[in-house]
Each structure stands twice: as structure tokens, then as C-alpha cells.
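Participant: give me a model of this one.
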Amino acid sequence: MRRQRKAKIVATLGPASNTKEAILALFLAGADVFRFNFSHGTHQDHQLRCDIVREIERSYGRPIAILADLQGPKLRVGQFAEGKVFLENGATFTLDNDPAPGSAQRVCLPHPELFSVINAGQSLLLDDGKLRLQVLHSDATHIHTKVINGGILSDRKGVNVPDAVLPIPALTEKDKRDLDFALDMGADWIALSFVQRPEDLLDARALIGQRAGLLAKLEKPAALDRLDEIVAVSDAIMVARGDLGVELPPEQVPGAQKRILRSCRTQGVPIVIATQMLESMIAAPVPTRAEASDVASAIYDGADAVMLSAESASGAFPEQAVAMMNRIICEVEKDPLYRNMLDAQQVPPLSNKGDAICSALRSVTHIIGARATVTYTSSGHTTLRAARERPSAAILSISPKQEVARRLNLVWGVHSTVNTTPLTIDELVSAACHTAVAEGFAQAGEHIVITAGIPFGESGSTNLLRIAEIWPGTTTT
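Facilitator: Numbering: from 1, shown residues only. Next up is the predicted model:
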């Protein structure tokens, strides 16, 4: 089964997509990666969905990636004596460490680590940014503020601190339990929330090892200050525009998205654009024109994948949302301007043999009009470096490892397959030709361009470039 596009679709599973029939419908509509949101649902819920995804994978013979999205720390105010209060503009309001029920004058902030990093002049955002407080002064037990944007504040609403790097680990105890379960379940990607520093990712990597890819969700302004460092230690990046848009002024989010895209393209790290892409399709069968343009803009910019959240997890039209995203991507990729924009955004290869080979791969593919670029990869490295170059032909990736083939399903232009390790270059060329025919990429008389690393199975050894012609009689078996 072959997608007729290069950018990928990530679909979140939830109450609206909880059955085999619903998940299969999303897959057939175009979903390449299924996101399991560990902020909701039980481990049993996630295991049942995982079993369904793997059953579909076996039925269709196409690797499917599972992304386990960890909740991360959630900062919240305490409770109020009457459940909620109204904060007037200009009023003073205190957050303290007293667990007593709150009032219109104060409330408990049950996060003692925050008091030491909050300073006068900083902002506190409450309830997803609906309310804004300005810090007047603070000490070890109190944060005194002035209400800038008031409104109703109820029990356990969220707190965001956009102006500070918070001394809070990205992995909570709940996250660690969820991580252990997700890895045992066989998740292909782990999404880490609340990333502020590259050290957050290194802590997670120590627990994950090589059992899954590590995706950093960029939702804190502090992460932008160390963007290139964070990208360098990540296997993939997600622009979590919902949370990022709470802490950044809305007018700054598009520019931040462009910066993140550029850093990822330069370093060859896959990037997912997420949140509110087709938001109106939670309740309507068609998106707004602005939403369609938003998805299209991400594709024109060269994003690896675009993601649906509530649209597919809890909306009224999950299948239609995936199908619409699929149609938008296909339409963009047919536009001659799309190829022109990718070429204009092309970044120079890095100074290593893998990038040198894959840069040549891109040129050769274009010059001879190859029907496919075939990458043989044991770790995924060769395929990732090829995808960084955005070649004009699809990338047919062959790996001996099922888990690597699944993981690469998130990456731009990649069609993943699983095959045994070749013993010689001739066996590699033969396997590439047969796979290209079997998967519908080429036929007799057409050319493919092959890249791999010699010796086979050694990660990061990309050093082979080969042109092959599909000979008459090449079979699909």
C-alpha cells in the first residue's frame, strides 16, 4: 500500500477513534502515524489501541508508527472555597503555599519550586492564557501580583510562566510509569513535553536508550533560546503551537515555527507541525479556508508531518479530517511552486560522507529522472540523511528491522519496507530492484538510485551510491 504524497499525517486516537473500524478508517484515509495521548486514558485503553494498530499493520503489510505522547508536568493553582472566583482588572492577587481554600484575594500554588524563580515584572498566565497577572514582588512563600487581564478563575486551572526557565524536570513520576509502559507496549516514538533545555532530552534518552525515537515538543519560549542545541539531541521535533501560543504572543508563533523548521531542515531532523490545524472539523465536516491554508503553508515550508489532535481523537468527523488533510497535502505537492520552494529552501550538506553521498543522490535522481531513491538502512541514518535533501523522487527505505521501518514512517518522502540484510552489493541491488517493482515505484526500463553504508549493518556508514536499471523480468517477489 503506497501513499501518493511525501508529507506524513499524524492522527491522535481517542474516544472518537477507539474501535478497529474507526482506526482502520483513519489509516485508509491517510494516517501514517497514530498518536497515543497519555494525558488521557488508561494503560489498558492504550494497549487495546496498540493491538488494533498492529493488527492493521499485519493485514496491510505496511509499517505503522505509534507515537506515545507523555503528559509532562502540569502547573495548577489550588482550589477555591466556592469553586471559582472573579478576578477584577487592576486588583491584587496572591499565590502562596497555604493549602487553605482560596478566595478572590489569594490561592494556593502547590509548586514550591516556582517561588524561587519568579521575579518582579514577570507574567503569570492562568487558564491557558485567558487571565494574565503581573508579578509585583515575591518571596519564598508568596507571589504578589496585579491582575492585568481578569476573569473567572476556577479550581485547578493551569499556570504558565513564559518569562522563566523553571527548575522542574520534564519527566514526572507519572511520565516515568507511562514511559515504561509505552516502551513495553512497543511505541516507536516517545514525545517529551515541557522541554526547556537539551538536558531534559538527555535525561529522557538515558531511560529510553535506543528502544524508541525521542521527539521533543517545543511548547516553552525558553526552548527557543537553545533551539539548535535541542534539535541536535532530538530524533524529531514537534511544534506544539497550542501551548507555545499560550506563552508567546500570537503574532510571534508563525515566526517561531519558521525558525524551528529551518533548524530542523539544516540538521536533518524530522519536524511535525501540530495543534489546531483543522480545529473547526471537531464539529464541522469541512475546515475553514484559513485552516486549509495553514496546513498547506506547513507543507510548502517542507514539514515532515502535520498532526490532528482533537479533530481525530474526539471530534465528530475524524475520518473526514484525515481525508481532508490528505487532500490538502496532495494538492500542494502537485503544485510546481512546491518543488520550487523546496529547492529554494535547500541547505548545504553538512561536512560528512553521509551528507555528501545523499547530496549527490539528490542531484543524480534529478538528472536521470530516477523513479525512486532506494536507501538501505539498519539504524535509519541513511534514510534520514536522504530525506534531508528532499529528492524529487520518493524515498524507498529498506531495513532489516521492523522497528526502524516503523519509526521512519514519520519522515518526509519515505516509504518504509522490511527486508533481510544483503550479504553483497549485488544482492543489495537485486533487492532494491525487486522492492521498487513490488511496491509500485518502477518498472522495466526505468532507473532507481541506491544508497547504503558498507559494511552493511553499521550505523552512520553511508558511503555507497549506485544507479540501477530495472531489467525486464524483474519480479515482485
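
Participant: alpha carbons of stretch 322-338, as CSV, please.
Facilitator: Only the C-alpha atoms of stretch 322-338 are listed here, as CSV (Å, rounded to 0.1, in the frame of the first residue of the first chain):
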residue,chain,number,x,y,z
VAL,A,322,-7.7,12.8,8.0
ALA,A,323,-9.1,12.6,4.4
MET,A,324,-9.2,16.4,4.1
MET,A,325,-5.6,16.7,5.4
ASN,A,326,-4.6,14.1,2.8
ARG,A,327,-6.2,16.0,0.0
ILE,A,328,-4.6,19.3,1.0
ILE,A,329,-1.2,17.7,1.1
CYS,A,330,-1.7,16.0,-2.3
GLU,A,331,-2.9,19.3,-3.8
VAL,A,332,0.1,21.2,-2.6
GLU,A,333,2.6,18.6,-3.7
LYS,A,334,1.2,18.7,-7.3
ASP,A,335,1.8,22.5,-7.4
PRO,A,336,5.0,23.3,-9.4
LEU,A,337,5.6,26.1,-6.8
TYR,A,338,6.0,23.4,-4.1
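
Participant: distance from the chain centre to that stretch, please.
Facilitator: Its chain's C-alpha centre lies 19 Å from the corresponding centre of stretch 322-338 when counted by Cα atoms, centre = their mean, to the nearest Å.

Participant: now do it: everything it contacts.
Facilitator: Contact with stretch 322-338 is made by 4-7, 9, 11, 26, 29-31, 277-278, 281, 286-287, 292, 295-296, 299-300, 306, 308, 312, as judged by Cβ atoms under 8 Å, 6 or more residues apart in numbering. From N, CA and C alone the C-beta is placed, and that goes for glycine too.

Participant: quick check: mean pLDDT of that stretch?
Facilitator: Averaged across stretch 322-338, the pLDDT comes to 97.

Participant: tell me which helix or strand of the chain sits lowest on mean pLDDT?
Facilitator: Lowest by mean pLDDT, DSSP states H and E among the helices and strands of the chain is helix 241-247, with a mean of 90.

Participant: same for that one, what does it pack against?
Facilitator: Judged by 3 or more Cβ pairs under 8 Å, 6 or more residues apart in numbering; DSSP states H and E, helix 241-247 is in contact with strand 159-160, helix 253-267, strand 271-274.

Participant: of the contacts of stretch 322-338, buried ones?
Facilitator: 5-7, 9, 11, 26, 29-31, 277-278, 281, 287, 292, 295-296, 299-300, 306, 308, 312 (16 or more other Cβ atoms under 10 Å).

Participant: restricted to helices, list those residues.
Facilitator: With helices taken from DSSP state H, the overlap with the buried ones among the contacts of stretch 322-338 comprises 26, 29, 292, 295-296, 299-300, 312.

Participant: just the buried residues of stretch 417-429, please?
Facilitator: So, applying 16+ other Cβ under 10 Å, buried residues of stretch 417-429: 417-418, 422, 428-429.

Participant: and for stretch 30-40?
Facilitator: In stretch 30-40, counting by 16+ other Cβ under 10 Å, buried: 30-38.

Participant: just the terminal-to-terminal distance for that stretch.
Facilitator: 24 Å (Cα to Cα, to the nearest Å).

Participant: how far out from the middle of the chain is that stretch?
Facilitator: Counting by Cα atoms, centre = their mean, stretch 30-40 is centred 10 Å from the centre of its parent chain.

Participant: same deal with stretch 420-437?
Facilitator: For stretch 420-437, the distance from its own C-alpha centre to the chain's C-alpha centre is 31 Å (Cα atoms, centre = their mean).

Participant: over to stretch 345-355?
Facilitator: Taking Cα atoms, centre = their mean, one finds the center of stretch 345-355 at 23 Å from the center of the full chain.

Participant: endpoints of that stretch, how far apart?
Facilitator: End-to-end for stretch 345-355, by Cα to Cα: 16 Å.
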